[in-house]
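Chemist: Turn this into a structure:
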Amino acid sequence: MEALAENPGRSRDLKHPSKNPTKPPQPNQFPSHLDAPNVSSTARALCDILTRSSPQDIESALSSSGIVPEEECTNEVLRLSYNYPSSAVKFFRWAGRGKKHPVHTWNLMVDLLGKNQLFEPMWDAVRSMKQEQKLSLSTFASVFQSYCTAARFNEAVMSFDVMDRYGVKQDVVAVNSLLSAICSEDNQTSFGLEFFEGIKAKVPPDGDTFAILLEGWEKEGNAAKAKTTFGDMVAHIGWNKDNVAAYDAFLMTLLRAGLMDDVVRFLQVMKDHDCFPGLKFFTTALDFLVKQNDADHAVPVWDVMVSGELVPNLIMYNAMIGLLCNNAAVDHAFRLLDEMAFHGAFPDSLTYNMIFECLVKNKKARETERFFAEMVKNEWPPTGSNCAAAIAMLFDCDDPEAAHEIWSYVVENRVKPLDESANALLIGLCNMSRFTEVKRFAEDILDRRINIYQSTMSILKDAFYKEGRSARDRYDSLYRRWKAHVQL
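Modeler: Below you'll find the model as predicted:
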């Protein structure tokens, strides 16, 4: 153990084999002074020396440069020298002559060595930091991350085991630092859970501990393990409205697994304890449910969202109203429309037109007439296509007066495309055998240089011709006008 305490990186007698083979360091994987933006001229000059001088000449070249780097310059050079660790070590020693490096500079050096898998020199630096009383959790967090990046997870845990011998406390923040380093690697959350199970009796976990594990399960898509970890979280630390990250990760895992019944159930349980996920979850969930056309689950998710402190925006309202309208749930859509203003999300043309279209499609003639009046009053009128569809529906529902009202609005306000509404009006009148009005409106439409479709003329011809000689003559007269209009 003493050897391990001195240098965990030297130990190969591991209690558990590493989950992954050691990852070889990739050359030139870090930013350098050649590609990093906003490099100071002094740092660039020093980096040029480090990369162009032969190893044995680096220190003399640095001394000959006449540059005396300040602390920030030293740190800048180290941040740009990860691809050249041996040169960086020589620069670090040269820059520290006659003075002691501050903590941040030492931590950069430890991180640089660790990221290059130079673990023995890394531990030499750690021991030097201990002698200068400059060790902190930040140093060990870097050590943890370097080992985990290299897939040497057991050595990361061993580093945690000995950190108290270096004067750094093994508290929950340290636990979370190691757990985060482990779980950030692919498919290592199970190993992170194994570490957690072994340490939780000694170091009680907090909300961040469980958030890290739940984010790991989310990344791996393991809903079953996420449920277990969530249950453990509630058992260990109870309900806390500040654990938003944990709630987000847990519900996102269920969502991506398609377990919408579970999402709704757990959301309700959270609400009962005055705990809620963040707006990011609700935005993602609603987007998913809209794409799935799943209004049954979207409604309870929405209700939980608005019952908390989260305020949906106009885009979210429109997405939800569109989903409800696609499922003919117009009463729910009206409820959302009524509550929008209370949340500072004022309806726009899309909001009104989605509801109007839903009313038309579901042949709600009276509601369509009333809602049309509200739209005009609020200066968000229906689109031309919705006007045409409404005119056709109102004739089908024996409400020609309301259809005429919409047609009058279309004409007065030049709601394009006028052709669609005009042809819907003529066909509606024709189907009601109101031939005198058909001819009068058709002539007015032609006077306004609005196009009457060939298909509409065919429908009119069949209807007029069935009415006898007089009606046939009226159609023929109309046809000649229409033909001349078409040829213009």
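Chemist: correct me, but residue 153 touches residue 191?
Modeler: Yes. Between residue 153 and residue 191 there is a contact under CB atoms under 8 Å: 5.5 Å. Any C-beta I mention is one placed from the backbone N, CA and C, and that applies to glycine too.
Chemist: Neighbour count for these two, which is higher?
Modeler: residue 153 (26 against 23; other CB atoms under 10 Å).
Chemist: any idea which element residue 363 lies in?
Modeler: Under the criterion DSSP states H and E, no helix or strand holds residue 363.
Chemist: Numbering from 13 from now on, please.
Modeler: Will do, 13 is the new start, and the previous item becomes residue 375.
Chemist: ok, so what distance separates it from residue 345?
Modeler: 16 Å (CB to CB, to the nearest Å).
Chemist: So these two - more neighbours on which side?
Modeler: Comparing residue 375 with residue 345 by neighbour count (other CB under 10 Å), the higher total belongs to residue 345, at 23 against 12.
Chemist: Check which helix or strand the more buried one maps to.
Modeler: Secondary structure (DSSP H and E) places residue 345 in helix 342-352.
Chemist: quick one: that helix to chain centroid distance?
Modeler: 26 Å (CA atoms, centre = their mean, to the nearest Å).
Chemist: This structure - how does it break down into domains?
Modeler: As assigned by the TED database, the chain contains the domains 323-413, 429-499.
Chemist: Same list, those, but as CSV with distance to residue 177 and mean pLDDT please.
Modeler: Below are those laid out as CSV (distance: least, CB to CB, whole Å; pLDDT from 0 to 100):
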stretch, distance to residue 177, mean pLDDT
domain 323-413, 51, 95
domain 429-499, 80, 93
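Chemist: low pLDDT regions in the stretch 113-262 of the chain?
Modeler: Within the stretch 113-262 of the chain, no range satisfies pLDDT under 70.
Chemist: how about the top helix by length along the chain as CSV, C-alpha atoms only?
Modeler: When the chain is scanned for its longest helix (criterion: DSSP state H), the result is helix 481-499. What follows is helix 481-499, C-alpha atoms only, in CSV (Å, rounded to 0.1, in the frame of the first residue of the first chain):
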residue,chain,number,x,y,z
ARG,A,481,-84.2,24.8,-71.1
SER,A,482,-84.2,28.2,-69.3
ALA,A,483,-81.4,27.2,-66.9
ARG,A,484,-79.4,25.8,-69.8
ASP,A,485,-79.6,29.1,-71.6
ARG,A,486,-78.4,30.9,-68.5
TYR,A,487,-75.5,28.6,-68.2
ASP,A,488,-74.6,28.9,-71.9
SER,A,489,-74.6,32.7,-71.5
LEU,A,490,-72.3,32.4,-68.5
TYR,A,491,-70.1,29.9,-70.3
ARG,A,492,-69.6,32.4,-73.2
ARG,A,493,-68.5,35.1,-70.7
TRP,A,494,-66.2,32.6,-68.9
LYS,A,495,-64.7,31.5,-72.3
ALA,A,496,-64.0,35.1,-73.2
HIS,A,497,-62.4,35.7,-69.8
VAL,A,498,-60.2,32.6,-70.1
GLN,A,499,-59.0,33.7,-73.6
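Chemist: so where do the helices sit in the stretch 163-312 of the chain?
Modeler: Using DSSP state H, counting those that start in this stretch, the helices of the stretch 163-312 of the chain run over residues 165-174, 184-195, 201-211, 219-232, 235-249, 256-268, 272-284, 291-303, 307-319.
Chemist: Among the domains of the chain, pick out the one with the most neighbours on average.
Modeler: domain 323-413 (a mean of 18; mean count of other CB atoms under 10 Å).
Chemist: how distant is it from the center of its chain?
Modeler: With CA atoms, centre = their mean, you get 28 Å for domain 323-413.
Chemist: JSON lines for the helices of the stretch 163-312 of the chain, including distance to residue 326?
Modeler: Formatted as JSON lines, the helices of the stretch 163-312 of the chain follow (distance: least, CB to CB, whole Å):
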{"stretch": "helix 165-174", "distance to residue 326": "47"}
{"stretch": "helix 184-195", "distance to residue 326": "36"}
{"stretch": "helix 201-211", "distance to residue 326": "38"}
{"stretch": "helix 219-232", "distance to residue 326": "29"}
{"stretch": "helix 235-249", "distance to residue 326": "33"}
{"stretch": "helix 256-268", "distance to residue 326": "23"}
{"stretch": "helix 272-284", "distance to residue 326": "23"}
{"stretch": "helix 291-303", "distance to residue 326": "13"}
{"stretch": "helix 307-319", "distance to residue 326": "14"}
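Chemist: Would you tell me which of those helices gets closest to residue 365?
Modeler: helix 291-303 (17.0 Å; CB to CB).
Chemist: I'd like to know which elements the closest one is packed against.
Modeler: Counting contacts by 3 or more CB pairs under 8 Å, 6 or more residues apart in numbering; DSSP states H and E, helix 291-303 packs against helix 256-268, helix 307-319, helix 326-338.
Chemist: how big is the angle separating it from helix 307-319?
Modeler: 160 degrees (axes from the mean of the first three to the mean of the last three CA atoms, to 10 degrees).
Chemist: rewinding a little: for the helix holding residue 345, which helices and strands make contact with it?
Modeler: helix 307-319, helix 326-338, helix 361-373.
Chemist: can you redo those helices as CSV with distance to residue 158?
Modeler: Compiled in CSV, the helices and strands packed on helix 342-352 are given as follows (distance: least, CB to CB, whole Å):
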stretch, distance to residue 158
helix 307-319, 41
helix 326-338, 42
helix 361-373, 51
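Chemist: Figure out which of the ones you listed is closest to residue 74.
Modeler: So among the helices and strands packed on helix 342-352, helix 326-338 is nearest, using CB to CB, at 56.4 Å.
Chemist: what does the closest one contact?
Modeler: With CB atoms under 8 Å, 6 or more residues apart in numbering as the test, helix 326-338 has contacts from 294-295, 298-299, 301-302, 305-307, 310-311, 314, 324, 342, 344-345, 348-349, 352, 357-360, 362-363, 366-367, 369-370.
Chemist: Stretch 97-104: which residues count as buried?
Modeler: By neighbour count with 16 or more other CB atoms under 10 Å, stretch 97-104 contains the buried residues 97, 99-104.
Chemist: Secondary structure, distance to residue 411 and pLDDT added to these, as a markdown table?
Modeler: Listed next are the buried residues of stretch 97-104 as a markdown table, based on DSSP: H, G, I helix; E, B strand; the rest coil; distance: CB to CB, whole Å; pLDDT from 0 to 100:
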| residue | secondary structure | distance to residue 411 | pLDDT |
| --- | --- | --- | --- |
| 97 | helix | 82 | 94 |
| 99 | helix | 85 | 94 |
| 100 | helix | 82 | 94 |
| 101 | helix | 87 | 95 |
| 102 | helix | 90 | 94 |
| 103 | helix | 86 | 94 |
| 104 | helix | 86 | 95 |
